[in-house]
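S.K.: predicted model, plus sequence, below.
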Amino acid sequence: MAAEPLPAGDPAEPLISARGLVKTFGDFTAVDAIDVDVRPGEAFGFLGPNGAGKSSTMKMIGCVSPPSAGSLRIMGLDPATHGPAIRARLGVVPQRDTLDEELTVEENIWVYGRYFGLSRSEVRRRAAELLEFAQLAERSRSVVEPLSGGMKRRLTIARALVNQPRILLLDEPTTGLDPQARHVLWDRLFRLKREGVTLVLTTHYMDEAEQLCDRLVVMDHGRIVAEGSPRSLIEEHSTREVLELRFDSDDHREHLAAVDGVADRVEVLPDRLLLYTADGESAQAELGRRGVEPLSSLVRRSTLEDVFLHLTGRTLVD
Amino acid sequence: MATDVGTRTAGTSRAAPARGGGWRSVTEHWLTQYRRVWVGSAISSFLTPLLYLAGMGYGLGALVDGASGGIDGVPYVLFVAPGVLAATAMQVAAGETTFSVIGAIKWQRFYEGMLATPLGVRDVVRGHMAYVLVRLVVACGIFLAVAALLGLVRSPWGLLALPVAVLGGMAFAACCYAYSAGLSNDQGVTLLFRFVVMPMQLFAGTFFPIEQLPGWLQPVAWVTPLWHAVDACRDLVLGTVTPGPLLGHLAYLGVWLVVGLLLSERVLRRRMVI
């Protein structure tokens, strides 16, 4: 059975469709009956803290980990019976790089392209193109080991594109990178997205999710606790603005009474109070009238972090 | 030039074959890696047998031959050369199926990368073993050539010692692979070398006939794959080969190879597909 005909790319058909998807390891339920649809061309995110079940979900979508229960279809195919055919059309950027650090940058792409059964000449042609795209062309003959974390990550992404995948799976693409390297990487991912590649990514950074994702699900303890676009999630689960107050005190709960009634909702963090309100400046003014004097007071817009805090009562990154 | 990467990515033209590159692409990866160190490796494949033959064969051999006129009338260096050939195969086999397997599972994680493509666990195991095969053919080939140049191959049958030594190496490699694939750290490798590879090399007929062992230890030597490889290689090189024992040795090594391969796949699948 040669190249299996994949179902035609009906734009209305989801590329990935999961119903009641479960993953258990012994008694532990990592993914607890989630429903997910990813449409062609969109950038879809799984947002959640460590241990939320994001990576387990990605491994099932990547057809390397069989689901414990529920149904999963990728490009219309069942991973249980068509794993290799599906994986032939996926690009995978794993959480930790799996590069061969003893080989050169270009050799890594050649070797990987051969896994997909591409000819040597085709692999070389694509490698040159992809290294250009990943801004690694000048390093193509360097050994991988001494490269920076950001460069290795870009190489992993370039390598994942060697089979011209329909879906690119990225498991925490920028974890551990410095801010500049993250921005370079986001820029490359934006570019892929604009050119029509479907991106599926996990992250525990809300700025990453807001930057990259058209739509996302918030996961916690293996379940999906919210779903939508970053903007709609913020509108639905938070207020427009947040007033952050820091006091000179070990326990910020002491100041709850002083701010009572100023905002719709108050969250207490170890180092600050978050006051959720449509109008941060009026709240600030009201506190001034009451004579409340925090060390610092900052008005900002709501982010997905606030959504997560509201939904789970915990911050994303400890 | 960079801008069209994604466009083509999203398109359907010239899609990769759904079956992927199979085990050959895995072998290619290991060979690409080996290419970086092949000069040093080839030199050591050439020097190691020379050192062994010089030290054991000619040095120790002078004593043995002086005291007892060789082993069963055969000069010691002739006796020991095929033994060291088979033992070298076993060393190479263990060297290529222990640290590199654990590394590919959990240090560099090559296997995770491979299994994200159309490749399956069977391709990964077979591709790795095919690479070990190449390494064995080269190492044993160089050894046999050196031995032949020194006049230590007495019979034209000796040519067949190459495939037999390689088979012995593969049989052992398959079992080492299965063992390594189940290890969670490299302490188990140290144990393997100290308590299996080392004793086997010393007591499986490499340097002296197993008849010298205490009676109860001889059956232990019969069980080891190395003894079968040593005995078959020795008979071929000395021209004392008879079909019955040779076929018996080959069959025994074949069983180790097949069982080892099946076990390797099973253990690696349980490890990687969770």
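M.R.: Happy to help now that I have it. Numbers count the residues shown, from 1 in each chain, chains lettered A, B, ... in the order given.

S.K.: quick one, helices of chain A?
M.R.: Per DSSP state H, chain A carries helices over the ranges A:54-61, A:79-87, A:105-115, A:120-133, A:149-160, A:179-194, A:206-212, A:230-237, A:280-290, A:304-312.

S.K.: can you name every helix or strand that the last one contacts?
M.R.: For helix A:304-312, the elements it packs on are helix A:206-212, strand A:215-220, strand A:223-228, helix A:230-237, strand A:265-268, strand A:273-277, judged by 3 or more CB pairs under 8 Å, 6 or more residues apart in numbering or on different chains; DSSP states H and E. C-beta here means a position set from N, CA and C on the backbone, and glycine is covered the same way.

S.K.: burial count for the residue in chain A that chain B sits nearest to?
M.R.: Here chain A gets closest to chain B at one residue, residue A:195, 2.7 Å apart by CB to the nearest CB. Other residues lying near residue A:195 total 17 when counted by other CB atoms under 10 Å in any protein chain shown.

S.K.: with residue A:187 instead?
M.R.: 10.

S.K.: report pLDDT for it.
M.R.: According to the prediction, residue A:187 has pLDDT 92.

S.K.: ok, now residue A:199?
M.R.: pLDDT at residue A:199 comes out at 97.

S.K.: can you list the helices and strands packed on helix A:304-312 in JSON lines and add distance to chain B, mean neighbour count and mean pLDDT?
M.R.: Listed next are those as JSON lines, based on distance: least, CB to the nearest CB, whole Å; neighbours: other CB atoms under 10 Å in any protein chain shown; pLDDT from 0 to 100:
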{"stretch": "helix A:206-212", "distance to chain B": "15", "mean neighbour count": "21", "mean pLDDT": "87"}
{"stretch": "strand A:215-220", "distance to chain B": "18", "mean neighbour count": "23", "mean pLDDT": "94"}
{"stretch": "strand A:223-228", "distance to chain B": "21", "mean neighbour count": "18", "mean pLDDT": "94"}
{"stretch": "helix A:230-237", "distance to chain B": "22", "mean neighbour count": "17", "mean pLDDT": "91"}
{"stretch": "strand A:265-268", "distance to chain B": "38", "mean neighbour count": "16", "mean pLDDT": "91"}
{"stretch": "strand A:273-277", "distance to chain B": "39", "mean neighbour count": "22", "mean pLDDT": "94"}
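
S.K.: ok, residue B:177 touching residue B:100?
M.R.: No. At 9.7 Å, residue B:177 and residue B:100 do not qualify as touching, with contact defined as CB atoms under 8 Å.

S.K.: and the two? Which one has more around it.
M.R.: The residue with more neighbours, out of residue B:177 and residue B:100, is residue B:177; 28 against 20, by other CB under 10 Å.

S.K.: how distant is stretch A:97-110 from the center of its chain?
M.R.: The chain centroid and the centroid of stretch A:97-110 are separated by 24 Å, computed with CA atoms, centre = their mean, to the nearest Å.

S.K.: low-confidence ranges, the stretch 1-150 of chain B, go.
M.R.: Within the stretch 1-150 of chain B, the ranges that satisfy pLDDT under 70 run B:1-18.

S.K.: the same query, at a cut-off of 50, please.
M.R.: B:1-4, B:6-14, B:16 (pLDDT under 50).

S.K.: helices along that one, start to end?
M.R.: Along the stretch 1-150 of chain B, counting by DSSP state H, counting those that start in this stretch, helices occupy B:4-10, B:22-34, B:38-52, B:61-68, B:76-96, B:99-102, B:110-115, B:121-149.

S.K.: between those helices, which gets nearest to residue A:93?
M.R.: Closest to residue A:93 of the helices of the stretch 1-150 of chain B is helix B:110-115 (CB to CB; 10.4 Å).

S.K.: the closest one near chain A at all?
M.R.: Yes. For helix B:110-115, a contact with chain A is found by CB under 8 Å from any CB of the partner chain, at B:110, B:112, B:113, B:114, B:115.

S.K.: show residues contacting that helix.
M.R.: Contacting residues not belonging to helix B:110-115 are listed as A:64, A:94, A:98-100, A:112, A:115, B:26, B:29, B:103-105, B:121, B:123-124, B:268, B:272-273 [CB atoms under 8 Å, 6 or more residues apart in numbering or on different chains].

S.K.: OK, contacts around the nearest residue to residue A:181 once chain neighbours are set aside?
M.R.: Once flanking residues are discounted, residue A:181 sits nearest to residue A:150: 2.9 Å by CB to CB, 6 or more residues apart in numbering or on different chains. Taking CB under 8 Å, 6+ apart, we find residue A:150 in contact with A:177, A:178, A:180, A:181, A:182, A:184, A:185.

S.K.: so how far is residue A:292 from residue A:150?
M.R.: Separation of residue A:150 from residue A:292 (CB to CB, to the nearest Å): 44 Å.

S.K.: burial check on the residue in the stretch 151-274 of chain B positioned nearest to chain A, number of neighbours?
M.R.: Closest residue of the stretch 151-274 of chain B to chain A, CB to the nearest CB: residue B:274 (6.2 Å). Residues contacting residue B:274 under the criterion other CB under 10 Å number 12.

S.K.: so what's it up against?
M.R.: Residue B:274 makes contact with A:25, A:65, according to CB under 8 Å, 6+ apart.

S.K.: residue A:283 now?
M.R.: A:243, A:262, A:263, A:275, A:277.

S.K.: re earlier: shared neighbours of residue B:177 and residue B:100, anything?
M.R.: In contact with both residue B:177 and residue B:100: residue B:128, using CB under 8 Å, 6+ apart.

S.K.: and the stretch 151-300 of chain A, which of its residues are near chain B?
M.R.: A:161, A:163, A:164, A:165, A:166, A:168, A:191, A:192, A:194, A:195, A:196, A:197.

S.K.: now residue B:267: closest residue in space, sequence neighbours ignored.
M.R.: That would be residue B:181: by CB to CB, 6+ apart, it lies 4.3 Å from residue B:267.
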